[in-house]
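> Pasting a predicted model and its sequence here:
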Amino acid sequence: MGVSARRLVWDLLCDKQKLASLDRGLLWSNAADWDFPVELRAGPNLSMPTGVQARECLYRLQGVLLEPHCGYAILPPGTVIDDSLHASDHTRHMRHMISFSGLPKLRDVHAVARGSIRPRKLARAVSFRHPYDLNYYHFTVDVATRLELLARFGVPDDVVHVISPVLFKQPFFQDVLRQPGFARRNWLVQDEFLEVEELYLARPLDGGTPEGLNYYREALGAPAPDRAQGERVFLDRSPTRGRAAANREQILPVIERAGFRVVDADGLSVLEQAELFSRCRVLAGLHGAGLTNMIFRGTAPLDVIEIFPPLETSVEYAVLARRLGYGYHHMRGTNPQASQRFANFTVDSERLGRLLETTSSAAVP
């Protein structure tokens, strides 16, 4: 059964409700405009209508279930809160996305309602579930920044923090867990239905906020940004991962002549990445989660150069750079080797060289 058919069955058979329709539980709500270059507003994978805003909210819900498959909150006996699982506002407008967040297992939801599945009971918990929590960007910007929103409203550190098994298995998350600001917290890997007397659902502002990202850096124990350092870093990407430069050997000399250090962030621990990018004055790279490391520059000046694959026009890193006050520049590759988003592609070496040189020349400490 395809995604559209599964969504249709879900819509027909599942009772649903929106967070906004609840008459209680809202502690905080805020909205902000998306801010990114106008030429990125329309592309092969993104159609961004005007007037769409990013939202931030915090709910405290009483007596709800948290299902394990996706992480949806459910009002007993079986009403799914359709938007309780965080998904980016702009992805709701992607033409090729029918269900960004995935679907819960209806038979299990009904089994809990009938009493044939008994959930584990918790007095108080926070959901850190996210459909893309295995991705370094989404963990950093959409999951870890919930800590600041919760702290702002006095939710204690020792409340149960519910995460998915997928996130728990990620090497970067294991890295994060070893740091004192995370090790002291009460993490629960969810593998069963939870019945929570008081559940917090935190949704940070899509694209991140300086406050939320600074809170994450401090919890991680990341080094303070060094304004005196002006390193130039180019984020490489292995061809086996897709969305990589097919003409890598041609562009490497161009990158090195411009004074950039070529790095594949996959080979570094989270704290090693924090150390490196805290010293970075110009960050260039192929579109990918490694660009998230711009956050470690903090309030120090930074210029970001993003190289898009031909079939990818996601705006996350443009929004993140603008929110943090960084300069943002971009170019797009050509000649994709296949028709899907993750196809390797060609980077115009002359154009890349000019962009690296002009951006670096204009960058001041």
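Noted; the coordinates are in hand.

> where in the chain is pLDDT low?
Low-confidence regions of the chain, defined by pLDDT under 70, span residues 1-16, 19-24, 33-53, 86-102, 313, 365.

> where does the residue nearest in space to the middle of it land in three-state SS?
Computing the C-alpha centroid of the chain and ranking residues by CA atoms, centre = their mean puts H138 first, at 1.6 Å. Under DSSP: H, G, I helix; E, B strand; the rest coil, H138 falls in the helix class.

> isn't it right next to Y132, touching?
Yes - A contact is recorded between H138 and Y132 when judged using CB atoms under 8 Å, the distance being 4.1 Å. Using the backbone N, CA and C atoms, a C-beta is placed for each residue, glycine as well.

> anything in contact with each of the two?
In terms of CB atoms under 8 Å, 6 or more residues apart in numbering, H138 and Y132 are not both contacted by any residue.

> Wait, V263 touches E231, no?
No - shown here, V263 and E231 do not form a contact pair, counting by CB under 8 Å, at 10.0 Å.

> Compare those two (neighbour count), which wins?
Each of V263 and E231 has its neighbours counted (other CB atoms under 10 Å); V263 has more, 20 against 16.

> any idea how far R351 is from the more buried one?
The spacing between V263 and R351, counted by CB to CB, to the nearest Å, is 22 Å.

> Kindly report the same for S314.
According to CB to CB, S314 and R351 sit 21 Å apart.

> same check, this time on L291
According to CB to CB, L291 stands 19 Å off from R351.

> These two: who's more crowded?
More crowded of L291 and R351, by other CB under 10 Å: L291, with 26 against 15.

> residues touching that one, list them.
The neighbourhood of L291, defined by CB under 8 Å, 6+ apart, consists of 137, 235, 283, 285, 304, 306, 317, 320.

> One more pass at 10 Å, please.
By CB atoms under 10 Å, 6 or more residues apart in numbering, the contact list for L291 reads 136-137, 235, 265, 277, 283-285, 304-307, 316-318, 320-321.

> so of these, which ones are in helices?
In helices, defined here by DSSP state H, the members of the contacts of L291 are 136-137, 277, 316-318, 320-321.

> Just the closest of those residues to E218, please.
Comparing these against E218 with CB to CB picks out F277 as the nearest, at 15.7 Å.

> OK, contacts around that closest one?
Contact analysis of F277 by CB under 10 Å, 6+ apart lists 222-223, 225, 231, 233, 235, 263, 265, 268, 283, 290-298, 302.

> Please apply the same query to L177.
The contact partners of L177, taken as CB under 10 Å, 6+ apart, are 163, 168, 183, 185, 187.

> Which of the three states applies to the second one?
So that's F168. Following three-state DSSP, we place F168 in the helix state.

> Counting neighbours, what do you get for it?
By other CB under 10 Å, neighbour count at F168 equals 16.

> so Y59 makes contact with K18?
No - the pair Y59 / K18 is not scored as a contact, 11.5 Å apart, by CB atoms under 10 Å.

> any residues in contact with both of those two?
In the contact map built from CB under 10 Å, 6+ apart, the residues linked to both Y59 and K18 are 81, 84.

> More neighbours: those two, which one.
In this comparison of Y59 against K18, neighbours counted by other CB under 10 Å, the higher total goes to Y59 at 22 against 10.

> Now do the helices in the stretch 251-365 of the chain.
In the stretch 251-365 of the chain, helices defined by DSSP state H, counting those that start in this stretch lie at 270-277, 316-323, 349-362, listed in chain order.

> about what we covered before: would you mind putting the ones in helices among the contacts of L291 into a markdown table with distance to R217 alongside?
Converted to a markdown table, these look like this (distance: CB to CB, whole Å):
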| residue | distance to R217 |
| --- | --- |
| Y136 | 15 |
| Y137 | 15 |
| F277 | 11 |
| E316 | 18 |
| Y317 | 17 |
| A318 | 21 |
| L320 | 14 |
| A321 | 16 |
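
> so what's the closest residue to V155 other than its chain neighbours up against?
Leaving aside its sequence neighbours, V155 sits nearest to Y200 (CB to CB, 6 or more residues apart in numbering; 5.9 Å). By CB under 10 Å, 6+ apart, the contact list for Y200 reads 25, 27, 58-61, 124-128, 146, 149-150, 153, 155, 159, 161-162.
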